[in-house]
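Asker: whatever this is, show me its structure:
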Amino acid sequence: MKSKKYYELYNKIKSDIYLGVYKAGEKLPSKRNMASLQGVSQITVLTAYEMLEAEGFIAPKERSGYFVLKVTPPNVHYKHIDKLSEETPAISEHFEYSLWFKTVRKVISEKDKELFIKAPSEGCAVLRNAIANYLVRYRDIAVSPKNVIIGSGAEQLYENVVKLLGRDKVIGVENPCYSQIIKVYEEEGAKTLALEMGENGIKSAELKKPFQILHVTPYSSYPSGVTATLEKRREYALWAKESGGYIVEDDYKSEFFTDKYHYKTLKAISPENVIYINTFSQSLSPSMRVGYMILPDNLLSIYKERLGGFSCSVPVLEQYCLAEFINSGSFERHLNREKRKIKRGEA
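Answerer: You can find the predicted model right below:
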């Protein structure tokens, strides 16, 4: 996958900073000079500089340009290599990073004390409100912000499921499933039970096995790619109602559904029995370590009792920026663009 020019320049300058080509306190070349040196446009340079600024590598000084800040290099043994690798991690090629960094600048310029206040364990109200409103508009999930819990990615939220519901519970998981699901649950002390998959989801006979929590990825389950039919999702909901158990709906990818009909989540079908989990690592970028879970009303008091004393692990700035990105409509426009590209076979 070919990287955008501004992303390539961003990585080059970041590498040069780590290697000491640009030292702390030193002024970077002007946009015009850097553009001439690298054979790119000044807009490309500006975008790369803004990305570096947002990540704390450089800082602007009024009418003076951009200056390098003191940073700690990653844990690399420089004596074994001549330079840092030019390879970059896989990223969402179509995500408009320039728009994200404009959002960061907007939040920093408009917010003051809010960015330095410790977030409650559930996450900042501004992001919980934004997510709740988005889910109503885009996913047809009626949810109150008080039910939204912010966390730093799916794996932390899996841990919270065990802490919330107890290590004595057996968790039924799809077979096959994403390996980290089993790993996290078992490392937290819970037991897992593999449930064989069929063409439309977990086989009906498997739902009769002895478990109290059902963890499913109804849309495009990894690695099988199976999407549970509406009848199968209703079967899952009936299991929860009859057994008194809970369903953990891992909905990491269904925002990109491209079927003619709207994909109905388990949370929309059976809100009182489903703990809904989603993240922004698929929809925005793998580096976006922000996720959320939606708890039923009957679990809120238990959450406060067992997890209310822990700090939210997502930085406040990131929460405010993501909230602004959602509230401005940028997130939904991004999803709609991606879905159109998927339909055309471009993504």
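Asker: do a quick rundown of the helices in the stretch 201-347 of the chain.
Answerer: Secondary structure of the stretch 201-347 of the chain (DSSP state H, counting those that start in this stretch): helices at 230-243, 266-269, 300-307, 316-327, 330-344.
Asker: please apply the same query to the stretch 51-200 of the chain.
Answerer: Secondary structure of the stretch 51-200 of the chain by DSSP H, counting those that start in this stretch: the helices cover 97-110, 125-134, 154-165, 179-187.
Asker: out of those, which comes closest to Tyr263?
Answerer: Among the helices of the stretch 51-200 of the chain, helix 125-134 comes nearest to Tyr263, with 15.5 Å by Cβ to Cβ. Every C-beta, even on glycine, is put in place using the N, C-alpha and C of the backbone.
Asker: so what's the gap between that closest one and the chain middle?
Answerer: On the basis of Cα atoms, centre = their mean, to the nearest Å, helix 125-134 is displaced by 15 Å from the centre of the chain it belongs to.
Asker: what residues go with each domain of this structure?
Answerer: If you go by automatic domain parsing, the domain ranges for the chain are 5-88, 113-344.
Asker: could you count how many residues lie near Leu317?
Answerer: Leu317 is flanked by 16 other residues according to other Cβ atoms under 10 Å.
Asker: before we move on, what about Leu19?
Answerer: When neighbours are counted by other Cβ under 10 Å, Leu19 registers 14.
Asker: can you give me the end-to-end distance of stretch 292-301?
Answerer: From its first residue to its last, stretch 292-301 covers 18 Å (Cα to Cα, to the nearest Å).
Asker: buried sites along that stretch?
Answerer: Tyr292, Met293, Ile294, Leu295, Pro296, Leu299, Leu300 (16 or more other Cβ atoms under 10 Å).
Asker: which one of these is nearest Cys177?
Answerer: Of those, the one sitting nearest to Cys177 (Cβ to Cβ) turns out to be Met293, at 18.0 Å.
Asker: ok now do that closest one, which residues does it touch?
Answerer: By Cβ atoms under 8 Å, 6 or more residues apart in numbering, the contact set of Met293 is Val148, Ile149, Gly151, Leu157, Asn160, Val161, Ile275, Tyr276, Ile277.
Asker: before we move on, the earlier item: go through the domains of the chain and find the least confident stretch.
Answerer: With a mean of 77, domain 5-88 has the lowest mean pLDDT of the domains of the chain.
Asker: so how far is that domain off the chain centroid?
Answerer: For domain 5-88 - counting by Cα atoms, centre = their mean - the centre lies 26 Å from the chain centre.
Asker: and stretch 302-320, by the same measure?
Answerer: Centroid separation between stretch 302-320 and its chain, computed with Cα atoms, centre = their mean, is 16 Å.
Asker: ok, stretch 200-210 next?
Answerer: Taking mean C-alpha positions (Cα atoms, centre = their mean), stretch 200-210 and its chain are 30 Å apart.
Asker: list the buried ones in it?
Answerer: For stretch 200-210, by 16+ other Cβ under 10 Å, it's Asn200, Gly201, Ile202, Glu206, Leu207.
Asker: cool, and stretch 235-253?
Answerer: Of all the residues in stretch 235-253, those buried under the rule 16+ other Cβ under 10 Å are 235-237, 239-240, 243, 245-253.
Asker: identify the farthest-apart pair in the residues you listed.
Answerer: Taking Cβ to Cβ as the measure, the buried residues of stretch 235-253 span a maximum distance of 26.8 Å, between Ser243 and Lys253.
Asker: can you give me the strands in the stretch 151-300 of the chain?
Answerer: Listed in chain order, the strands of the stretch 151-300 of the chain (DSSP state E, counting those that start in this stretch) span 170-175, 191-198, 201-202, 213-216, 246-250, 274-279, 291-294.
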